[in-house]
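# here is my input; please provide its structure:
(2 chains)
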Amino acid sequence: MEDTKSLLQIKGIRDGLLVSIDDAPWEQQRSALLTQVDSQPAFFDGARLALDVATQALRVDDLAELRDQLSERGIFLWAVISESPTTEKTAQLLGLATRISKPRPDEARQFSVADLGEESALFLNRTLRSGTRIEFPGHVVVLGDVNPGAEILAEGSVIIWGRLRGMVHAGVKGNAASAICALDLSATQLRIAGEAMTVLESKENPQPEMARIHQDGKIYAELWSAK
Amino acid sequence: MPAKVITLTSGKGGVGKTTATANLAVALAAEKSKVVCIDGDIGLRNLDVILGLENRIVYDLVDVVEGRCRLKQAMIRDKKLPDLYLIPAAQTRDKNAISASDMMRVVKDLRSDFDFVLIDSPAGIERGFRNAIAAADRVLVVTNPEVSAVRDADRVIGILESEEKGPASLILNRLNPALVKSKDMLSPEDVLDLLAVELIGIVPEDENVVIASNRGAPVAYDAKSRAGQAFRNIAKRLKGETVPFLDLESQGSLWERIQRLAGRK
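Residues are numbered from 1 along each chain as shown, chains lettered A, B, ... in the order given. You can find the predicted model right below:
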């Protein structure tokens, strides 16, 4: 068997430990990590771990199993970083972070959107089904529907190119200038900053609408039309 | 010829998963397919009652998994259809008595001897559900035209997508055309609009279903029952046949369309 340690690099970061694993079959990566952990239990006990799996495509079963195995060893897996969209989606489904606060090590410094005076947004090219919860510290754009039972919590605005029938909270940290837009705004409840608005009638012929907080401090939804 | 493994699931309880499993099993076996159904609802055993096989149970799925009997010993042959078998659930144990890999192993052993393996999933999205979908080649999601049932179906479909279980197919059970017409019930269009999956059958509400289930002779035996016809049509679609479907664009009321589908008009 190969020397499994060579697959791993461990670094201390502000939020705990960052473990980067070289490309290899998942079983090898997983056993390398667990072997390392088991060889230094005192070092890893109680650690907050972020895992960089490079291009590895992981499914829910894979990640959930690893998370459980780490948790048995007193390690909290909070983030999984990957270049694979499959893995990113999996991590999101399991409620794991997919980026850490510092830029990825040994990566050339890039302009962040904040440098350009803009804010960042999360783009979701799918329908959010019941049970899905999206939390994001910026704007959220969905190309698809938001079904009843799905939730979006964004620090900025939320734009749905589809039907909105789930729960959306824009400006969760108090940004009252946030807006919620949808092609069909049929949510039972909308929240912007500290305000809530209930019961939007389901419409026969839905038209695009935008909801925001008006001067009286209440949320209103208004029809949007291309001028 | 390896079997097709089909799991019926729903999220919400009481929408008719077990009834649908029993009826599809009967309809497939009546069309000369070799069928085995597995009751995945460990601890809340029902499928045997609906198939009328309760008094023949000696061994169950947990006995197989724990090595107390051979697989063949736990397979109960149907009273009427020689090609239909049932592997019952244990009534005195719970979901934790078996694992997903146990289920895969049992199904693997059945594949070579049957055309269809039908697995009846328990309600919920926990371990019993995970076990039931683990071995599935295809998943049928059963729902009713009710807001709560549809929301749970949506959740289940989302989980199936993230588990890469392939696109689910939908059975819309217990549709009451009169209520749809008076706008007191979700229409098939409403349900499909939300769930965005393939529809494999609409089963109309039919009191014969309850009567038949209580007698232990699924309604699919009943040539006159509309629900029975709907289940027979779904069985044909599972075998790859194209059966004329509800043409949602056609003239006439939904009631008439379903009657036409049921071949009574």
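# low-confidence ranges, chain A, go.
Along chain A, the parts satisfying pLDDT under 70 run over A:1-6, A:101-118, A:199-200, A:202, A:227.
# would you map out the domains in it?
A:4-93, A:114-223 (automatic domain parsing).
# save those as a markdown table, and put in distance to chain B and mean neighbour count too.
The C-beta positions use only the backbone N, C-alpha and C, and glycine is treated the same way. Shown next, in a markdown table, are the domains of chain A (distance: least, CB to the nearest CB, whole Å; neighbours: other CB atoms under 10 Å in any protein chain shown):
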| stretch | distance to chain B | mean neighbour count |
| --- | --- | --- |
| domain A:4-93 | 5 | 16 |
| domain A:114-223 | 3 | 18 |
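# and of these, who's closest to residue B:94?
domain A:4-93 (20.2 Å; CB to CB).
# name the nearest residue to residue A:66, ignoring sequence neighbours.
Leaving aside its chain neighbours, residue A:66 sits nearest to residue A:30 (5.9 Å; criterion: CB to CB, 6 or more residues apart in numbering or on different chains).
# hang on, the one you found is in a strand, isn't it?
No: according to DSSP: H, G, I helix; E, B strand; the rest coil, residue A:30 belongs to no strand; its state is helix.
# surely it meets residue A:68?
No: contact between residue A:30 and residue A:68 fails when scored by CB atoms under 8 Å: they sit 11.9 Å apart.
# overlap of the contact sets of the two?
The overlap between the contact sets of residue A:30 and residue A:68 (CB atoms under 8 Å, 6 or more residues apart in numbering or on different chains) is empty.
# report the closest residue of chain B relative to chain A.
Using CB to the nearest CB, the closest approach of chain B to chain A is made by residue B:158 at 3.4 Å.
# for that residue, which non-adjacent residue is closest in space?
Leaving aside its sequence neighbours, residue B:158 sits nearest to residue A:129 (CB to CB, 6+ apart; 3.4 Å).
# residue A:189 now?
Residue A:189 sits nearest to residue A:198 (CB to CB, 6+ apart), 5.1 Å away.
# surely that neighbour and residue A:187 touch.
No: Residue A:198 is beyond contact range of residue A:187, at 9.2 Å (criterion: CB under 8 Å).
# residues from chain B in reach of chain A?
Residues of chain B lying close to chain A (CB under 8 Å from any CB of the partner chain) are B:147, B:151-152, B:154-155, B:157-159, B:161-164, B:194, B:196.
# make CSV out of those residues and add pLDDT.
Formatted as CSV, the residues of chain B next to chain A follow (pLDDT from 0 to 100):
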residue, pLDDT
B:147, 93
B:151, 95
B:152, 96
B:154, 96
B:155, 95
B:157, 96
B:158, 93
B:159, 93
B:161, 90
B:162, 86
B:163, 86
B:164, 84
B:194, 93
B:196, 93
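# save those as a markdown table, and put in distance to residue A:16 too.
As requested, these are exported to a markdown table (distance: CB to CB, whole Å):
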| residue | distance to residue A:16 |
| --- | --- |
| B:147 | 43 |
| B:151 | 37 |
| B:152 | 37 |
| B:154 | 36 |
| B:155 | 32 |
| B:157 | 35 |
| B:158 | 30 |
| B:159 | 30 |
| B:161 | 31 |
| B:162 | 26 |
| B:163 | 29 |
| B:164 | 30 |
| B:194 | 41 |
| B:196 | 40 |
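# determine which two of those residues are furthest apart.
B:147 and B:164 (28.1 Å).
# so the residue of chain B closest to chain A makes contact with residue A:144?
No: with contacts counted by CB under 8 Å, residue B:158 stays clear of residue A:144, the gap being 12.0 Å.
# cheers, nothing more for now.
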